[in-house]
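Q: got a sequence here, can you model it:
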Amino acid sequence: MQKSNNEIVESVLIGIPADLLEEVGIDLYSTIQMSVSRGRIIIEPVDEEESTFHQRCPHACFCEGCRG
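A: Residues are numbered from 1 along each chain as shown. Got it, this is the predicted structure:
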């Protein structure tokens, strides 16, 4: 479920050991997505090429990802 940028989303901070994040390829600069499946929270990195970021990019036709 994706929320709009203008909608307030109630959040909870959860400590996740850094070594677990590194094991799946997530670092401080990673774009991630979260989902729920069968009672489990899934956090995974998003491939930048497949990301919808550039669909919302304020520089639309000027950034390298948008010209792709």
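Q: quick one: low-confidence parts of the protein?
A: 1-4, 48-68 (pLDDT under 70).
Q: residue boundaries of the helices in it?
A: Listed in chain order, the helices found in the chain under DSSP state H are 18-23, 64-67.
Q: now Glu23: how far from Val36?
A: 21 Å (CB to CB, to the nearest Å). C-betas here are computed from N, CA, C, even on glycine.
Q: same check, this time on Gly25
A: Gly25 is 21 Å from Val36, by CB to CB.
Q: with Leu28 instead?
A: 24 Å.
Q: of these two, which one has the most company?
A: Comparing Leu28 with Val36 by other CB atoms under 10 Å, the one with more neighbours is Val36, at 9 against 6.
Q: hmm, the more buried one is touching Ile42, no?
A: Yes: Val36 is within contact range of Ile42, at 7.0 Å (criterion: CB atoms under 8 Å).
Q: overlap in contacts, those two.
A: Counting by CB atoms under 8 Å, 6 or more residues apart in numbering, Val36 and Ile42 have no common neighbour.
Q: excluding sequence neighbours, find me the nearest residue to Leu21.
A: Leaving aside its sequence neighbours, Leu21 sits nearest to Asp27 (CB to CB, 6 or more residues apart in numbering; 7.2 Å).
Q: same question, Ile42
A: Ser35 (4.9 Å).
Q: how near is the one you found to Ile26?
A: Applying CB to CB to Ser35 and Ile26 gives a distance of 15 Å.
Q: now swap in Arg40 and tell me
A: Arg40 is 17 Å from Ile26, by CB to CB.
Q: thinking again about what came up before, give me the more crowded residue out of Ser35 and Ile26.
A: Ile26 (18 against 10).
Q: the more buried one contacts Asp19, correct?
A: No: using CB under 8 Å, Ile26 is not in contact with Asp19, being 11.0 Å away.
Q: if we can go back for a sec, what's the distance between the residue nearest to Ile42 and Asp19?
A: Taken as CB to CB, the span from Ser35 to Asp19 is 22 Å.
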